[in-house]
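Kindly generate the corresponding structure for this input.
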Amino acid sequence: MRGEVGKEDFVVSRHGSPNENELSNENLFRILSIQCSDLEVNTLVWKCLGYRFDEENEKWKNDEVFPNWKEKFPIPPDLIGMQRIYSKEIDQPSLKANQQLVRSVPVDFKQSLKKHLRPLGFTGYKYAELTPNKTRRAQCANWLLFYREELFGFTLQELKERRRLKKEAEEASRRKAIEESGEDPEESWKPPVREVF
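Take a look at the predicted model:
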């Protein structure tokens, strides 16, 4: 996908890894207030997923992409629906990619937009003003907040170790709850999360 990025107030570049300025609350708020292009939103998410732009060949490389994501999307998918044609035949790949991104966000981070962007004036959307574009922008911004808060700055090995330690702590907590109450907390329903790494 071609086009200019980072020419206005939205901070994004095709070059290198994501940086703090690109992931700032102010920049993410610009996604919601449609002060950037669909391509710029895609570009920022792609960088955070690990795609890197090869200027020489003018293509995105996937060497650093999270393994589970790379398996499904070896080339960066349109997460917004840049054509803005929402018929099934045209929009299905964008919709599926966006749904995969949303599924990778743990429940604790589903309301990150309000938590982080309310000080900038974000109050959410009214049902009547929602469009597929606004919805997908919000979903991308929410994933970017999750990425910034939980994944940014860690290597894949560090993330895997953090996940292992978290699972061990959860298992210890579960065993303690069974000992104390005789009931297994795992028996209660939990929403599915498909991690990107």
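
Only C-alpha atoms from now on, for both contacts and neighbour counts.
Noted.

how about the spatially most central residue of the chain, what does it touch?
What sits nearest the mean C-alpha location of the chain, by C-alpha atoms, centre = their mean, is W143, with 2.7 Å. Taking C-alpha atoms under 8 Å, 6 or more residues apart in numbering, we find W143 in contact with 101-102, 105.

For it, identify the helix or strand it belongs to.
helix 132-146 (DSSP states H and E).

Now the element after that helix, going C-ward?
helix 156-181.

Look up how far K167 lies from the nearest residue to S112 once chain neighbours are set aside.
Among residues not flanking S112 along the chain, N142 sits closest, at 6.0 Å (C-alpha to C-alpha, 6 or more residues apart in numbering). When distance is defined by C-alpha to C-alpha, to the nearest Å, N142 is 24 Å away from K167.

which residue ranges form the helices in the protein?
Taking DSSP state H as the criterion, the chain carries its helices at 25-32, 38-49, 67-72, 88-103, 112-117, 132-146, 156-181.

quick one: average pLDDT of the first one?
This means helix 25-32. For helix 25-32, mean pLDDT rounds to 97.

Next: the longest one.
Throughout helix 156-181, pLDDT has a mean value of 88.

May I see the buried residues of it?
Buried positions in helix 156-181, judged by neighbour count with 16 or more other C-alpha atoms under 10 Å: 159, 174.

Also the third one?
Using 16+ other C-alpha under 10 Å as the test for burial, helix 67-72 gives 67, 69-70.

Would you mark the buried spots in stretch 41-54?
41-53.

about what we covered before: pLDDT added to the contacts of W143, as a markdown table?
Shown next, in a markdown table, are the contacts of W143 (pLDDT from 0 to 100):
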| residue | pLDDT |
| --- | --- |
| L101 | 96 |
| V102 | 96 |
| V105 | 95 |
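
Just the buried residues from the residues you listed, in PyMOL please.
Only the buried members of the contacts of W143 enter the following PyMOL selection, criterion being 16+ other C-alpha under 10 Å:
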select buried, resi 101+102+105
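
From the contacts of W143, pick the one nearest L79.
L101 (8.3 Å; C-alpha to C-alpha).

Residue ranges in the chain under the pLDDT threshold?
For the chain, the stretches with pLDDT under 70 are 1, 185-186, 188-192, 194-197.

mind running it again at 50?
Across the chain, nothing is flagged by pLDDT under 50.

what about K96, distance to V105?
From K96 to V105 the distance is 15 Å (C-alpha to C-alpha).

Just give me the neighbour total for K61.
16 (other C-alpha atoms under 10 Å).

Tell me who's in contact with it.
51-54, 75.

rewinding a little: quick one: which of the helices of the chain is nearest G6?
helix 38-49 (7.2 Å).

Perfect, I'm done here.
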